[in-house]
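Colleague: Structure for this input, please:
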Amino acid sequence: MRTNRLRALLAEDRPLFGAFMNFATPRQVEFVGHLGFDWVLLDAEHDGLTVDQAYQLVSAADAVGLGTVVRASANRPEVLLGFAETGANCIIAPHVTDRQAAEDLVAALAYPPVGRRGLGAGSRAANYGLTQTPAEYFAATDTHTMPAALLEDVSAYDDLDEILAVPGLEVCCLGAGDLSGSLGVPGQFDHPEVVRRVTDAAARISAAGKVISTSVGDGAAARASAAMGARLIAVSNTGLLGKAGREFLAQAREPVPA
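Modeller: Purely as a prediction, here's the structure:
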């Protein structure tokens, strides 16, 4: 039976640090696994990741013990199913704006009688049907894909209590970026209203027993997110590369003492 690596890591009751894999390749995924990251975030919404590419990247992550999260391009059953069948541990649906959208997400990823996911028992997520019977796989809910709602619209924060009441929703992602746009202050992530909304939501998500996921730019922000209760904390690999590259060039171009 396949193990959901991310769910197993979350049982350790500590912040889990992930690499947001912009322009990801299997070797990059392996690299961050050997660095010591806990999980990877693979992006189909903005980075154009296809299902076929996700199969390769999830396989690479499995090989080095990383948890896997895929941000899908849309909250539609046919989109979510393709990425779930890769064996990804968790699927993020973008723009979950209200309770109905959260219910649709859960239903798309859960097998009957809880949800409406198609009964495919021979997929990679099911170890190709080689290690258990179909009935055993469908009953092993702890191995199945975790649903994650990306909260990035004002309406989601207004309807947060209803979203949190949806059975089976396991993760809530705080999307300060699009939230700033939804509030009319695009790019102002430190705007008082953005900060207030995110901070208030974090407290309510924790109280509801859901996992909080955030994206950060550096270690200090990661510590602040952990203090706020976030369990899944991602940093962009391009951000890390950009910072390291600029620091190298700044040092390398310093005048050599006479």
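Colleague: Spell out the residue ranges of the helices in the chain.
Modeller: Assigned by DSSP state H, the chain shows helices spanning 5-10, 26-35, 51-63, 77-84, 99-109, 134-139, 154-158, 160-164, 176-182, 192-207, 219-227, 237-252.
Colleague: weakest of those by average pLDDT?
Modeller: Across those, helix 176-182 has the smallest mean pLDDT, namely a mean of 91.
Colleague: Relative to the whole chain's centre, how far out is that one?
Modeller: Its chain's C-alpha centre and that of helix 176-182 lie 17 Å apart, by C-alpha atoms, centre = their mean, to the nearest Å.
Colleague: just stretch 218-229 next, same as before
Modeller: 16 Å.
Colleague: ok, and the closest non-adjacent residue to G118?
Modeller: L81 (6.4 Å; C-beta to C-beta, 6 or more residues apart in numbering). Glycine gets a C-beta too; all of them are placed from N, C-alpha and C.
Colleague: ok, now which ones touch that neighbour?
Modeller: A108, R117, G118 (C-beta atoms under 8 Å, 6 or more residues apart in numbering).
Colleague: and it, how far is that from M1?
Modeller: 20 Å (C-beta to C-beta, to the nearest Å).
Colleague: Likewise for A121?
Modeller: 12 Å.
Colleague: Those two - which one has more neighbours?
Modeller: The residue with more neighbours, out of A121 and M1, is A121; 17 against 11, by other C-beta atoms under 10 Å.
Colleague: Let me have the helices of the chain in a markdown table, adding distance to L42 as columns.
Modeller: As requested, the helices of the chain are arranged in a markdown table below (distance: least, C-beta to C-beta, whole Å):
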| stretch | distance to L42 |
| --- | --- |
| helix 5-10 | 12 |
| helix 26-35 | 8 |
| helix 51-63 | 5 |
| helix 77-84 | 9 |
| helix 99-109 | 16 |
| helix 134-139 | 23 |
| helix 154-158 | 22 |
| helix 160-164 | 24 |
| helix 176-182 | 18 |
| helix 192-207 | 23 |
| helix 219-227 | 19 |
| helix 237-252 | 11 |
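Colleague: Nearest to A19, out of those?
Modeller: Evaluated over these, closeness to A19 peaks at helix 26-35, with 4.2 Å, by C-beta to C-beta.
Colleague: Going by neighbour count, which residues in the closest one are buried?
Modeller: Using 16 or more other C-beta atoms under 10 Å as the test for burial, helix 26-35 gives Q28, V29, E30, V32, G33.
Colleague: Out of these, which is nearest to A125?
Modeller: After measuring the buried residues of helix 26-35 against A125 - C-beta to C-beta - the closest member comes out as V29, at 17.8 Å.
Colleague: which residues touch that closest one?
Modeller: So V29 contacts M21, V40, L57, A60, A61, V64, L66 (C-beta under 8 Å, 6+ apart).
Colleague: Quick one: buried ones out of those?
Modeller: M21, V40, L57, A60, A61, L66.
Colleague: isn't the fourth one right next to M21, touching?
Modeller: Translated: A60. No: using C-beta atoms under 8 Å, A60 is not in contact with M21; the gap is 10.1 Å.
Colleague: OK, contacts around the residue nearest to the spatial centre of the chain?
Modeller: Computing the C-alpha centroid of the chain and ranking residues by C-alpha atoms, centre = their mean puts V69 first, at 4.4 Å. Shown in contact with V69 (C-beta under 8 Å, 6+ apart): 6, 18, 39-42, 88-92, 148, 213, 232.
Colleague: Many thanks, I have nothing further to ask.
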